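J.: build me a model from this:
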Amino acid sequence: MKLDRIEGQPDKKVAWGSDVAAQMLRRMGIRYVSLTPGASYRGLHDSLVNHLGNERPGMLLCLHEDHAVAVAHGYAKVTGEPMACALHSNVGLMHGMMSMYNAWCDRAPMIVIGATGPLDNEQRRPWIDWIHTTRDQGALVRSFVKWDDLPSSAQALVEGMARANILTRTAPTAPVYVCLDAGLQESKLEQEPEWPDLSRFTAPAPARPAQSTVDAAVALLNKAARPVLLIGRGARSDTAWQARIKLAERLGAVVMTDLKSGAMFPTDHPAHVVPPFNVLGKGARELLCETDLILALDWVDLAGAMKQASAAGKVSARVISATLDHHLANGFNMDYQGLAPVDVSMACDPDMAVTELLAALGPGSKKPWRERPAAKPPKNDGSAITLNLVASTLRAAFNDPNEVGFASLCKGWPIDIWPHQHPLAYMGKDGGGGIGSGPGISIGAALALHERGKLAVAVLGDGDFMMGSNALWTAAHYGIPLLILINNNLSYFNDELHQETVARTRGREPKNRWIGQRVADPDPDIAKLTEAQGGIGIGPIKNAADVKAAIDKGVAALRAGKVCVIDLHIPPGEDRHQGAALGARPTGG
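T.: Just a heads-up that it's a prediction; the model follows:
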């Protein structure tokens, strides 16, 4: 990882309004700021370069605002810490809004620096400053950020950024937005503002559950014969990882994890009896009908899981839920999901709930009440490339698979071949379903993984990659090692299945599902798209016999600190059709 070096020495005097914003980012411990430049924050840009010397924070230049936000999102997924990103005026904010929404749904901390103005119309340049000035720019994103501000003085800027830092780091975490007046940025200071002791302006410790809820939860857990742990969002620390394992073993529970939340529990542990999922498969639905107690630890969609399970029978379990997510519910969007019936509600951080429950339950250990089914041998499809082949070949290319962290995984990735064995094994989904975010999120995750001695691999779909492919320039320029495998089906295949569902429901021809979906004739050249951004492009790989050589070359590039993309043409597996069937909507007027 290499940042751009400045000429000469930084001007360390705090002399301009924008120097205050730059100083606050450094004092708050922000290491990087991803950005696409724009005149609305040219003052801040100068302060980051010529006042701070492009260090702490250092700039990560991106080719699109959507990528700038996605990079910060990916970094937060690994570290649990906010990065900053800067968005130019109203137009840059609107470009970055999709990725901000992803980060909001993923509950990722992030400090988004915006700019507008000048608010004083006497300072505005003709035409351009007028169309790039919005009276209430925060209104564009207010429904999916935790807080926003438009400071009007240097001292107000100090307080606003200190507050933003506290709020984005306080559970439940989410992005915050601070908009800087261009006029304030470029105003010369008569004196420095008063700098607060930021040790007195920190995020509060994780909330502890009320003792009455701990007692009620323990009473239900002690009575349960068939408990299930639904482990959703949580910290990516080894301490939290081990505590979850200890709780499952203390209860003799069966564990389920969600692909949306990433690696939260070892998938090869005897208690993890079904593969992690995006939607519940047959085995998971049956388990939720058999269990007598559900302990949900910040599960992303508890009501949805119970609704899916009802297709297999009656869900009669008592429910304990530990989450703070209700604090972010608002009327703008339905990311709060359905309202689940809960018998004991623990209003606390999920890992704090684990800690409290372990202390209250005391020592002990039981075997899980349901055994893990034997793994099915992978099917051999001859010359066709399968995800099983890709996963097994990739794993064989590493001496220790635990040195790898997956920034992203596609549907159908065989977890039994490459299990999640540590908290940085897999970072989870994008949060809001915003296609095109995969490359940017993967780059931010790769930066954080590289700092932790891990090698970053991402498995992306072709549609997701092509929407965001020029994000790779940032990784190539700054030397962020990353290997991306493209699960290429030459289609927006998920929507092909939706069109097939609609056609069958209406008694129409399902064979036409590909029209307006298939991305072929010509096939996009993903390898050349990669090379155009300074990366190493390999492929297209269409035959199973060519997979090993391609992956060996890609892993060698990753170890050498390069960005590499392998385009693998993989026919969709049966899991895609099963997942689409679960998404059918009821018909009616």
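
J.: tell me where the stretch 451-589 of the chain has helices.
T.: 462-467, 472-478, 493-505, 526-532, 547-559, 574-582 (DSSP state H, counting those that start in this stretch).

J.: return the member of those helices having the minimum mean pLDDT.
T.: Lowest mean pLDDT of the helices of the stretch 451-589 of the chain: helix 574-582, a mean of 49.

J.: got CSV for the helices of the stretch 451-589 of the chain, with mean neighbour count and distance to Ile128 too?
T.: Heads up, the C-betas are built off the backbone N, CA and C, glycines and all. Below are the helices of the stretch 451-589 of the chain laid out as CSV (neighbours: other C-beta atoms under 10 Å; distance: least, C-beta to C-beta, whole Å):
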stretch, mean neighbour count, distance to Ile128
helix 462-467, 22, 28
helix 472-478, 23, 26
helix 493-505, 17, 39
helix 526-532, 18, 30
helix 547-559, 18, 42
helix 574-582, 14, 47
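
J.: so the closest residue to Ile417 other than its chain neighbours: helix, strand or coil?
T.: Leaving aside its chain neighbours, Ile417 sits nearest to Ala391 (4.2 Å; criterion: C-beta to C-beta, 6 or more residues apart in numbering). Under DSSP: H, G, I helix; E, B strand; the rest coil, Ala391 falls in the helix class.

J.: show the contacting residues for Ala391.
T.: By C-beta atoms under 8 Å, 6 or more residues apart in numbering, the contact set of Ala391 is Trp413, Pro414, Ile417, Trp418.

J.: ok, the residue lying closest to Leu297 once chain neighbours are set aside - how many residues close by?
T.: Leaving aside its chain neighbours, Leu297 sits nearest to Pro350 (3.9 Å; criterion: C-beta to C-beta, 6+ apart). Using other C-beta atoms under 10 Å, Pro350 has 28 neighbouring residues.

J.: the one 3 residues further on now?
T.: A total of 29 residues lie near Ala353 under the criterion other C-beta under 10 Å.

J.: could you do the one 5 residues further on as well?
T.: Neighbour count of Leu358, defined by other C-beta under 10 Å: 16.

J.: I'd say it and Arg250 touch.
T.: Yes - checked against C-beta atoms under 8 Å, the pair Leu358 and Arg250 is within contact range at 6.7 Å.

J.: returning to that earlier point: ok, which of the helices of the stretch 451-589 of the chain comes nearest Asp148?
T.: Closest to Asp148 of these, according to C-beta to C-beta: helix 472-478, at 25.9 Å.

J.: gap between the closest one and the chain center?
T.: 20 Å (C-alpha atoms, centre = their mean, to the nearest Å).

J.: can you check stretch 15-29 too?
T.: 27 Å.

J.: pull the CA atoms of that stretch into CSV?
T.: Output of stretch 15-29 as CSV, limited to C-alpha atoms (Å, rounded to 0.1, in the frame of the first residue of the first chain):
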residue,chain,number,x,y,z
ALA,A,15,-5.0,29.2,8.9
TRP,A,16,-8.0,28.4,6.9
GLY,A,17,-11.5,27.0,7.6
SER,A,18,-10.8,23.8,5.7
ASP,A,19,-7.7,23.2,7.8
VAL,A,20,-10.0,22.7,10.8
ALA,A,21,-11.9,19.9,9.0
ALA,A,22,-8.6,18.3,8.1
GLN,A,23,-7.3,18.5,11.6
MET,A,24,-10.4,17.0,13.0
LEU,A,25,-10.2,14.0,10.7
ARG,A,26,-6.6,13.4,11.9
ARG,A,27,-7.5,14.0,15.6
MET,A,28,-10.4,11.5,15.3
GLY,A,29,-8.0,8.8,14.1
